[in-house]
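Enquirer: Just a sequence and a predicted model for now, questions to come.
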Amino acid sequence: MSEWSPLIWFDGRLVPFEDAKIHVMTYSLHYGVGVFEGIRAYRTYDGRTAIFRLREHIRRFFDSAKIYKLEIPFTEDELVEAIKELVRRSGFDEAYIRPIAFINIRKLGVKPATRRASVAIGLVSWGKYLGKAYYEGARVIVSPWRRIPPNALPLNAKAIGQYLNSYLAAIDADIKGFDEAIMLDTRGFVSEGPGENIFIVKNGNVYTPPLYASVLPGVTRETVMMILENELEVEVTERDIALGELLTADEAFFTGTAAEITPIVEVDGIKIGNGKPGPLTRKLQSLYEDIVRGKIDKYSEWLTYV
Ligand code: PMP
């Protein structure tokens, strides 16, 4: 179970968790307009707490807001400081951090009376997003729901309404008894999970769908590409992946801030490789763990100590 931090940062002030409320008639609840981020803070090897790639997440938050024409009445620096302070004051040494920007007015009509957003930031202590699948590998289905095409919604934005598509895929997998879903894009190529990017390994080569295959430009996706290239001298090719290639891959894994690196061991009842997390996936999990916990100096600029 998750455990919320006792404080919420809400429009510039730290307030008790129970006081950070909005009205049921709030605009964004009705129309799904809003943008958010998911960021993790880790306890590092020397006992301090560091937020992983905070700047990149805040950048994407502002990009998402820009695309949706929301005005965030704070600067990137102010939100960076707000998050640092919130983590410090919460007393958590590890946390999943959730900033959200939404239109906080009580007025209906799709065209809002203001584009100025309210910003709230919460912290939750969250273990492994996909639970034991992190260790044993995820059993997934190919979703009957296609990933939204980028000419319908801007997929480089992390916007709340876009998660209806993720929700449908995730709840369907859950009802059918699987850990997660994989969505195809409208052309039928592998796209992404409801909250994760996807990689496959074949004959020592690593592939991931290109951004035009309806994927969110994941911070972890980029991190993993850099780790593979710098630490393992494996170049990642961004190219379309057909479903048949996924089914016959040697290894497959999800990446995401919440999911970190989660092996995929079964797709629609078909084993990936030998049905166990693959050696490259395992290696990446351990390198990622070392990097987020500050064990590899070279990546220290990715860590914001609170
Ligand atoms: N795709 C989707 C749809 C997501 O929600 C996420 C999680 N933010 C990701 C991919 C992975 O992105 P990141 O690595 O930046 O968390």
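Expert: Nice, thanks for sending it over.

Enquirer: State the distance from G137 to D250.
Expert: 13 Å (Cβ to Cβ, to the nearest Å). The way it works is simple: take the backbone N, C-alpha and C, and place the C-beta from them, glycine included.

Enquirer: Compare these two and say which one has the larger neighbour count.
Expert: With neighbours defined as other Cβ atoms under 10 Å, G137 and D250 compare such that G137 has more, 26 against 17.

Enquirer: so who does the more buried one touch?
Expert: With contact set as Cβ atoms under 8 Å, 6 or more residues apart in numbering, G137 has these partners: T262, P263, I264, V265, E266, G275, K276, P277.

Enquirer: Would you mind giving these as a markdown table with distance to G47 and neighbour count added?
Expert: Formatted as a markdown table, these follow (distance: Cβ to Cβ, whole Å; neighbours: other Cβ atoms under 10 Å):
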| residue | distance to G47 | neighbour count |
| --- | --- | --- |
| T262 | 27 | 30 |
| P263 | 29 | 25 |
| I264 | 34 | 30 |
| V265 | 34 | 24 |
| E266 | 38 | 17 |
| G275 | 38 | 11 |
| K276 | 34 | 15 |
| P277 | 29 | 25 |
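
Enquirer: So which of the residues you listed is the closest to the ligand?
Expert: T262 (11.3 Å; Cβ to the nearest ligand atom).

Enquirer: Please name the nearest non-neighbouring residue to K176.
Expert: I141 (6.1 Å; Cβ to Cβ, 6 or more residues apart in numbering).

Enquirer: For burial, what's the neighbour tally of the one you found?
Expert: For I141, the neighbour count with other Cβ under 10 Å is 19.

Enquirer: That one: which element?
Expert: For I141, the element it lies in under DSSP states H and E is strand 138-142.

Enquirer: Direction included, what does that strand pair against?
Expert: Applying DSSP bridges, strand 138-142 is found paired with strand 180-184 (parallel), strand 260-267 (parallel).

Enquirer: what does that strand contact?
Expert: Strand 138-142 has contacts (Cβ under 8 Å, 6+ apart) with 130, 133, 172-173, 176, 178-184, 193, 243, 254, 262-268.

Enquirer: Kindly report the same for stretch 279-292.
Expert: 40, 42, 50, 52, 134, 201, 206, 223-224, 227-228, 231-232, 234, 251, 253, 260-261, 263, 296, 299, 302-303.

Enquirer: beta partners for the residue nearest to K176?
Expert: Counting by DSSP bridges, I141 is bridged to A181.

Enquirer: Also F52?
Expert: Beta-bridge partners, per DSSP bridges, of F52: L303.

Enquirer: now it: how far from the ligand?
Expert: F52 sits 10 Å away from the ligand, going by Cβ to the nearest ligand atom, to the nearest Å.

Enquirer: just Y207 next, same as before
Expert: From Y207 to the ligand the distance is 16 Å (Cβ to the nearest ligand atom).

Enquirer: tell me the SS of that residue?
Expert: Secondary structure, DSSP: H, G, I helix; E, B strand; the rest coil: Y207 is strand.

Enquirer: which residues sit in contact with it?
Expert: F199, I200, V201, V236, T237, E238, R239, I241, E245.

Enquirer: let's go with 6 Å and repeat that
Expert: Contacts for Y207 were tallied using Cβ atoms under 6 Å, 6 or more residues apart in numbering; they are I200, T237, I241.

Enquirer: Redo the residues you listed as CSV? Include neighbour count, secondary structure and pLDDT.
Expert: Formatted as CSV, the contacts of Y207 follow (neighbours: other Cβ atoms under 10 Å; DSSP: H, G, I helix; E, B strand; the rest coil; pLDDT from 0 to 100):
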residue, neighbour count, secondary structure, pLDDT
I200, 23, strand, 98
T237, 10, strand, 98
I241, 24, coil, 98
